[in-house]
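1. Need the 3D shape of this:
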Amino acid sequence: MKEAIYLKRNMALINYTKAYYTTAEELLSSEGFSMFLDLYFNYCSHTNPQLFEWLRRGLPIEEVKKDLIRLLKVMQVLEVEEIAHPYFRERQKMLAVIEDCYHFWRNMQRYSIIYTRNEEGLQLANFMEADAKFHQMILDFYRTVQQKTQGSKNRVYRQLQAGTNASLLLRDYPWPAPEGHRELGDIPFVHTIMMRTPLIIHPRSNKRLGMFTEVDANPMAEWVKGDEEWMCFPLKVGSLLCYTYFHRDFTAGAVALANLFELASDEDCIGAKPDLLLLFGNPDGQNDTVFYHDQANAMWVGKVSYADVIEYFGYLKKMILTLHNLAMIEKGWLPLHGAMINLTLQDGTKKGVIMIGDSGAGKSETIEALTNLSEDVIVSREIIFDDMGSLHLDEQGQIRAQGTEIGAFVRLDDLDKGSAYRDMDRSIFFNPESANARVVIPASPYDTIITDQKVDLFLYANNYTDRRGLRAFDSKEEAVQTFIEGKRFALGTTQEKGLSTTFFANPFGPMQKQPECLKIIDQMFAALLDQHIFLGEIYTGLGLPEKGGNALEIAAKELLAKISGK
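-> Here you go, the predicted model:
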């Protein structure tokens, strides 16, 4: 990024390599602060026009801005009683301006970046310290002008996040970009990230729309590079390496990726071609959510066009998982849209439970209910995947499962009361006050999710049938039909509502590659039955009126009985 500070709507991106402010005087003299005041004046004129007119005093806005900056500089060295200025004739209004401006700043999404390729910039050893000092400088600046204006010291101090929400350390990772991808060569990679959690993000969209579709031309041909506007977040998605190139306007989503996927190291990336590559937020004037199989270079390439709606984190997460699933299908593995948990019983027995179902089917809710009623039977639980995993046969022909994510992106409404707050200090919240509010919480170590896991129960989460508990399928044909039909009562978390069907309950790869998936499904379900793995259906009731009353509790109790052999 060539600018010292980049402001766009409700986001501030601060480039410490270009300019690092250590004092309020430096901040007030910067072009960035002038740009920030432009945004604030526009905000104040719409949200509090009376206060704005008082601040303006009938003067041209540029003159007001220069006068306010001069005043704030003087306030760093003089007391209010020593300053003759019209604003201080009505201190309460001036105090209201200070509080409103500080509130506006804190409600922006604020991120800092540091490039280590510039030897004059701040380096790895002190990038977190630099960000902490910036935070303290902003806090001290606010407290100085606020306390001087009110004429007294505060008696209650709140150590709020006054600086940035997160800081990204960027480095160059040389990698052998093939023909057609070489323009990506100078895009910096995220090497290290520091987040101040709990982090609350307010995207302008709260649900995902449309489908991911295959195209017959490489989306790289439509990439709009711009002028130092892109960064790359290298990820480990399961065992695959994914280079996620994101436009800087979508930095908030990229930051949240750190809670969901393993951040790949420089050793993983330098000299390494990725399995998956995503262009996210491409300003091509289209409305694409597409993928392409670059067979010549053995890569799956995705593109999501620039749009306000893609601020919803589901676009970024699901496109990455779609690319992963397509690569797994090519490998002969079966992508699973569901959840897997390993449960350790009192006698030391370990049981692996997989539940399959589309969004809103009740997978996570059943696991929560099971955990809450099984303290005397289950001593520990280990999440292998909360949304997407895969099934395969190991070298001995045994059914095994692996995960993709180290975190979970879940609806707050779907969690048991208190669940979202147990890890609140490490969580990232999306529009927590709105419908379909979501949270990204850490779940499992990376080594755990990429280790082959034994499967003991393989269940379809049925949220639409007015039945209770769980049952075993009578035949392979019945099981395959139920899973392939992928029926559920959609709760409106995407564009769907009401009873709907999705191939294998997975619109993220299997639906686009049905012929290839059918062969793998037949092989895996035959192995499930041959190896006497319980193959059944669990009734969550979430799509029924009043969520089926106690359906979830009954389902959890019967599942617990099945697991414990009682």
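
2. For whichever strand in the chain runs longest, what does the pLDDT average out to?
-> Using DSSP state E to define each element, the chain has its longest strand at strand 334-345. Mean per-residue pLDDT for strand 334-345: 95.

3. What of stretch 463-479?
-> Per-region confidence: stretch 463-479 scores 95 on mean pLDDT.

4. where does the stretch 101-250 of the chain have low pLDDT?
-> 117-125 (pLDDT under 70).

5. can you count the residues close to residue 182?
-> The tally of other residues near residue 182 (other C-beta atoms under 10 Å) stands at 11. C-betas here are computed from N, CA, C, even on glycine.

6. Same question for residue 301.
-> Using other C-beta under 10 Å, residue 301 has 23 neighbouring residues.

7. For it, what is the enclosing helix or strand?
-> Residue 301 belongs to strand 299-305 when assigned by DSSP states H and E.

8. now residue 6
-> Here residue 6 is assigned to strand 5-8, by DSSP H and E.

9. In that strand, which residues are buried?
-> Judged by neighbour count (16 or more other C-beta atoms under 10 Å), strand 5-8 contains these buried residues: 5-7.

10. so which of those residues would you say is closest to residue 234?
-> Ranked by distance to residue 234 (C-beta to C-beta), these are led by residue 6 at 22.2 Å.

11. Bridge partners for that closest one, pull those for me.
-> Counting by DSSP bridges, residue 6 forms beta bridges with residue 13.

12. chain center to the longest helix along the chain: distance?
-> When the chain is parsed with DSSP state H, its longest helix is helix 127-150. Here helix 127-150 is found 29 Å from its chain centre; the criterion is C-alpha atoms, centre = their mean, to the nearest Å.

13. From the contact counts, what lies against that helix?
-> Other helices and strands packing on helix 127-150, by 3 or more C-beta pairs under 8 Å, 6 or more residues apart in numbering; DSSP states H and E, are helix 24-28, helix 61-75, helix 91-106, strand 109-115, strand 166-171, strand 189-195.

14. Give the residue spans of the stretch 401-550 of the chain that score low on pLDDT.
-> 414-421, 492-496.

15. would you list every one of the helices in it?
-> Counting by DSSP state H, counting those that start in this stretch, the stretch 401-550 of the chain has these helices, from start to end: 419-422, 446-449, 476-485, 514-530.

16. Tell me which of those helices approaches residue 389 most closely.
-> Nearest to residue 389 among these is helix 446-449 (8.1 Å), distances taken as C-beta to C-beta.

17. and the closest one, what other elements does it pack with?
-> Helix 446-449 packs on strand 378-385, strand 399-403, going by 3+ C-beta pairs under 8 Å, 6+ apart.

18. what's the most buried one of these?
-> Most buried of these, by mean neighbour count (mean count of other C-beta atoms under 10 Å): strand 399-403, with a mean of 23.

19. Could the C-alpha coordinates of the longest helix of the chain be exported in CSV?
-> Extracted in CSV, the C-alpha atoms of helix 127-150 (Å, rounded to 0.1, in the frame of the first residue of the first chain):
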residue,chain,number,x,y,z
PHE,A,127,5.7,-4.6,15.3
MET,A,128,3.4,-5.5,18.2
GLU,A,129,5.1,-3.0,20.5
ALA,A,130,4.7,-0.3,17.8
ASP,A,131,1.0,-1.0,17.6
ALA,A,132,0.6,-1.0,21.3
LYS,A,133,2.4,2.4,21.5
PHE,A,134,0.1,3.8,18.8
HIS,A,135,-2.9,2.6,20.8
GLN,A,136,-1.6,4.3,23.9
MET,A,137,-0.9,7.5,22.0
ILE,A,138,-4.5,7.7,20.7
LEU,A,139,-5.9,7.0,24.1
ASP,A,140,-3.7,9.7,25.7
PHE,A,141,-4.6,12.2,23.0
TYR,A,142,-8.3,11.6,23.6
ARG,A,143,-8.0,11.8,27.4
THR,A,144,-5.9,15.0,27.2
VAL,A,145,-8.5,17.0,25.2
GLN,A,146,-11.5,15.4,26.9
GLN,A,147,-10.3,16.1,30.5
LYS,A,148,-9.1,19.6,29.7
THR,A,149,-12.4,20.4,28.1
GLN,A,150,-14.5,19.1,31.0
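
20. Name the residues of that helix that are buried.
-> Of all the residues in helix 127-150, those buried under the rule 16+ other C-beta under 10 Å are 127, 130-132, 134-135, 137-139, 141-142, 145, 148-150.

21. quick one on the thing from earlier: quick check: can you name the pairing partners of the longest strand of the chain and their directions?
-> Paired strands of strand 334-345, with direction, are strand 350-356 (antiparallel), strand 378-385 (antiparallel), strand 388-393 (antiparallel) (DSSP bridges).

22. Can you lay out those as JSON lines showing mean pLDDT?
-> Converted to JSON lines, these look like this (pLDDT from 0 to 100):
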{"stretch": "strand 350-356", "mean pLDDT": "96"}
{"stretch": "strand 378-385", "mean pLDDT": "92"}
{"stretch": "strand 388-393", "mean pLDDT": "98"}
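
23. can you redo these as CSV with distance to residue 303?
-> Converted to CSV, the strands paired with strand 334-345 look like this (distance: least, C-beta to C-beta, whole Å):
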stretch, distance to residue 303
strand 350-356, 29
strand 378-385, 26
strand 388-393, 20
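
24. right, so of those strands, which gets closest to residue 181?
-> Per C-beta to C-beta, nearest to residue 181 of the strands paired with strand 334-345: strand 388-393, 25.7 Å.

25. Next, the angle from the longest helix of the chain to strand 189-195.
-> Angle between the axes of helix 127-150 and strand 189-195 is 40 degrees (criterion: axes from the mean of the first three to the mean of the last three C-alpha atoms, to 10 degrees).
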